[in-house]
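> Below is the sequence, then the predicted model.
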Amino acid sequence: MLGNISQILEMKKKAEELKSKLEAIVITETTNGIAVDCNGNRKILSLHIDASAMQDKFQLEDHLVMAINKALESAERANMAEVGAMAGGMQGLMGLFGK
């Protein structure tokens, strides 16, 4: 039983480390004069809009959606890469869940 508790505590520690690592990853995607910065936890950090992109409200809205989605997709890929790397080091914990 104590072994299981220590494994759970180790898993919690690894999850916290992963979250901190993902917070530090900054992804920037630029589309049609709009730059979106987000982190590996898929949180938008900032938007930068070139003045030339603000000529047409409807086009700006479309370009914002495209730029944000592109940034979030890149953040998701970074997230999955980090989770995969972490999971590779946690093979011993899988016995905890009967795998």
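Okay, I see it. Residues are numbered from 1 along each chain as shown.

> Angles on the backbone of the one residue sitting closest to the centre of the chain, please.
For the chain, the residue nearest the mean C-alpha position is G40 (2.5 Å; CA atoms, centre = their mean). Per-residue torsions, G40: phi -70, psi -10 (degrees, to the nearest 10).

> Would you agree it is in contact with L18?
No - contact criterion CB atoms under 8 Å: G40 and L18 do not qualify, at 9.1 Å. Any C-beta I mention is one placed from the backbone N, CA and C, and that applies to glycine too.

> So for the two, which residues contact both of them?
Listed contacts common to G40 and L18 are E82; contacts here mean CB atoms under 8 Å, 6 or more residues apart in numbering.

> how close does the residue nearest to the centre of the chain sit to S74?
10 Å (CB to CB, to the nearest Å).

> residues shared between the contacts of these two?
With CB under 8 Å, 6+ apart as the test, G40 and S74 both reach I27.

> So which residues of the chain form strands?
26-31, 34-39, 44-49 (DSSP state E).

> Of all the residues in the first one, which ones are buried?
Pointing back at strand 26-31 there. Residues I27, E29, T31 are the ones in strand 26-31 that count as buried (16 or more other CB atoms under 10 Å).

> Tell me how far the first one lies from A78.
Counting by CB to CB, the gap from I27 to A78 is 6 Å.

> between the two, what contacts are shared?
Shared contacts of I27 and A78, defined by CB under 8 Å, 6+ apart, are found at G40.
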